[in-house]
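**Student:** Fold the following and give me the result.
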Amino acid sequence: MNEMALARQEVKNVFQELYIELKEDYGLSQIEARALIGRVEKFNEDMHDERRSNNQILKQVVALGEPAGKKLRDCRLVNVKLTMYFTCEDKIEKEKGIRYLKKLKVHQLAWEAYNQGGLLSYEDIESILLVSPSTIKRMVREYRNEGIIVPTRGQIEDIGPGITHKERIIELLIKGYRYAEVIIQTGHTAASVENYERRFVRVAYFHREGKNEIVIRNLTGYSEGLIKTYIEMYKRYQKTHHDALNAMLQRFHRYVEYNDEEKKIG
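**Tutor:** Below you'll find the model as predicted:
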């Protein structure tokens, strides 16, 4: 195909009619019309993105940073991928019931959206889980009483800067959640959860033994930033969850081996 034919093919696309309409009917310049068409094309690609797992859905939600009182029609929206099912869900439902499982899902879905730059409203969660907004509100309140954050559109003021995967995982473990529950709430594999716990326990143990950050770095090979984060978490949980923290350190004392060669996680 020659160059002229290629040029004709490029013009003959589904957005050409819209491009002409924007220029002739709405008075946009060529630059403005092309910019708007580019945004529409990107939106179309996002809405039909095939790069998601079979157990995920694509949902359009309010973008992070939009104030709570702003009207929905004036808010910027983003597309987020939400995981509908984890393999351990059947076991948890059988052991603890559908209400408990849906409570875990409220936390998981809210954090998935937040990590992708979006915020779910109670109505969004209702449409996914088929749970009433009043029930979702009670679940979020229960999490709040446990000191656990659920980043919905109505609760975003509770979110502090820089909350990481490792901090959320350790927090849930210390507060009594089992691996299967943590997997659902964070979307991490059992191996990842165990590795985060191993790292935290090693740093916390050496810190409790009176070793300074330089010595801990030499013993573990971890970065200074990671060690500082875990020491701060240890100090915080010593005050609020003393017994649970000590139980974790005793239960996983095998993780404090000095020559532990493990795969690093960011």
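**Student:** Can you list the low-confidence ranges for this protein?
**Tutor:** 1-17, 41-54, 155-163, 252-266 (pLDDT under 70).
**Student:** Can you pull the domain assignment for it?
**Tutor:** 56-159, 164-266 (automatic domain parsing).
**Student:** Can I get those in CSV including distance to residue 25 and mean neighbour count?
**Tutor:** Yep, even glycine has a C-beta here, placed from its N, CA and C like the rest. Putting the domains of the chain into CSV (distance: least, C-beta to C-beta, whole Å; neighbours: other C-beta atoms under 10 Å) gives the following:
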stretch, distance to residue 25, mean neighbour count
domain 56-159, 23, 16
domain 164-266, 46, 16
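**Student:** Quick one: those as a markdown table, columns for distance to residue 19 too.
**Tutor:** Shown next, in a markdown table, are these (distance: least, C-beta to C-beta, whole Å):
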| stretch | distance to residue 19 |
| --- | --- |
| domain 56-159 | 23 |
| domain 164-266 | 40 |
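**Student:** Does residue 202 touch residue 226 like I think?
**Tutor:** No: judged on C-beta atoms under 8 Å, residue 202 makes no contact with residue 226 at a distance of 10.7 Å.
**Student:** For the chain, just list every one of the helices.
**Tutor:** 3-11, 16-24, 30-47, 89-96, 98-115, 122-129, 133-146, 165-174, 179-186, 190-208, 213-220, 224-240, 242-251 (DSSP state H).
**Student:** among these, which is nearest residue 56?
**Tutor:** helix 98-115 (9.2 Å; C-beta to C-beta).
**Student:** just the angle between that closest one and helix 165-174, please?
**Tutor:** Computed by axes from the mean of the first three to the mean of the last three C-alpha atoms, to 10 degrees, the angle separating helix 98-115 from helix 165-174 equals 160 degrees.
**Student:** Just the residues contacting helix 98-115, thanks.
**Tutor:** Helix 98-115 is contacted from outside by 59, 61, 64, 80-83, 89, 92-93, 119-120, 124-125, 128-129, 131, 136, 139-140, 142-143, 148, 150-152, 159, 168, 181, 184-187, using C-beta atoms under 8 Å, 6 or more residues apart in numbering.
**Student:** go with 7 Å
**Tutor:** By C-beta atoms under 7 Å, 6 or more residues apart in numbering, the residues outside helix 98-115 that reach it are 61, 64, 80, 82-83, 89, 92-93, 119-120, 125, 128-129, 131, 136, 139-140, 143, 150-152, 181, 184-185, 187.
**Student:** So what's the gap between that helix and the chain middle?
**Tutor:** 10 Å (C-alpha atoms, centre = their mean, to the nearest Å).
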